[in-house]
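Novice: Build me a model:
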Amino acid sequence: MDVLGILSGVEVRVPMYMVISYVAVISLCLLLSRIRLGLALSFVFVFYIGYLYNRNLLIEAIKGSPLGIVVYAGLGLVIIILAIITFLSSPK
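Specialist: Numbering: from 1, shown residues only. Purely as a prediction, here's the structure:
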């Protein structure tokens, strides 16, 4: 089975306090018109929940495949690079 098929079958649990704090911070960013900051915080939240918080579940689902970890980390790196490019670009 391919890595995408394995990852799509994993149930990720997110604590309610993290969801509430995420919604509060993103709402505050939107109310203050800090769209870029809100987008970057969304990326960080998704990466944190997906990898750092549920690392054991992810490693168990991939069954130690280094390809799965590399793909996940690579996509996280792409998201970070895109966020940096967005922050450095001038608003139109």
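Novice: Every contact and neighbour count from this point should use C-alpha atoms.
Specialist: Fine.
Novice: Now for F47, how many residues are close by?
Specialist: Using other CA atoms under 10 Å, F47 has 19 neighbouring residues.
Novice: so how far is the lengthiest helix in the chain from its chain's centroid?
Specialist: Counting residues, the longest helix found in the chain (DSSP state H) is helix 66-88. Distance of helix 66-88 from its chain centroid, counting by CA atoms, centre = their mean, to the nearest Å, is 9 Å.
Novice: Mind giving me the packing neighbours of that helix?
Specialist: helix 35-47 (3 or more CA pairs under 8 Å, 6 or more residues apart in numbering; DSSP states H and E).
Novice: And the helix it packs on, what's buried?
Specialist: 37-42, 44, 47 (16 or more other CA atoms under 10 Å).
Novice: can you give me the mean pLDDT across it?
Specialist: In this model, helix 35-47 has an average pLDDT of 82.
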